[in-house]
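[1] Dropping the sequence and predicted coords here.
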Amino acid sequence: QVQLQESGPGLVKPSQTLSLTCTVSGGSITTMYYYWSWIRQPPGKGLEWMGAIRYDGGTYYSPSLKSHTSISRDTSKNQFSLQLSSVTPEDTAVYYCASGTGLGSLAYWGKGTLVTVSS
């Protein structure tokens, strides 16, 4: 059973870069056909898919966030990470990492971590 755990600061100042890491256990991020995604949910709003990194390192991003989003991975630590630059208070959300076989498949989820953007 794949398990995911998000980690990172809970408070980020406006204009700074939000950085989160997802640690994966029970499976390898290099397992064929798996995609590793970041999703967020602002308070009172729906889920927003942000992007994903494929098992071979290929990346995909939401067009609306592509200009200031980067997803990378560390295969030695079985982790993948999210960086969101130039954040504003509108980026305040619960951030989730998730995975599944195929882009858009989200069979496994982390518990989520709240990130607040505030000065």
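    Received the coordinates, thanks.

[2] can we go C-alpha only for contacts and neighbour counts from here?
    OK.

[3] Skipping its backbone neighbours, what lies nearest the spatially most central residue of the chain in space?
    The residue lying closest to the centre of the chain (C-alpha atoms, centre = their mean) is residue 38, at 2.7 Å. Once flanking residues are discounted, residue 38 sits nearest to residue 97: 4.6 Å by C-alpha to C-alpha, 6 or more residues apart in numbering.

[4] Am I right that the one you found sits in a strand?
    Yes: under DSSP: H, G, I helix; E, B strand; the rest coil, residue 97 sits within a strand.

[5] residues touching it, list them.
    4, 5, 6, 22, 36, 37, 38, 39, 109, 110, 112 (C-alpha atoms under 8 Å, 6 or more residues apart in numbering).

[6] Most neighbours among these, please name it.
    residue 36 (33 neighbours; other C-alpha atoms under 10 Å).

[7] Spatially nearest residue to that one, not counting backbone neighbours?
    Using C-alpha to C-alpha, 6+ apart, the closest residue to residue 36 is residue 99 (4.5 Å).

[8] and that neighbour, how many neighbours?
    26.

[9] just checking, it touches residue 33?
    No: with contacts counted by C-alpha atoms under 8 Å, residue 99 stays clear of residue 33, the gap being 10.4 Å.
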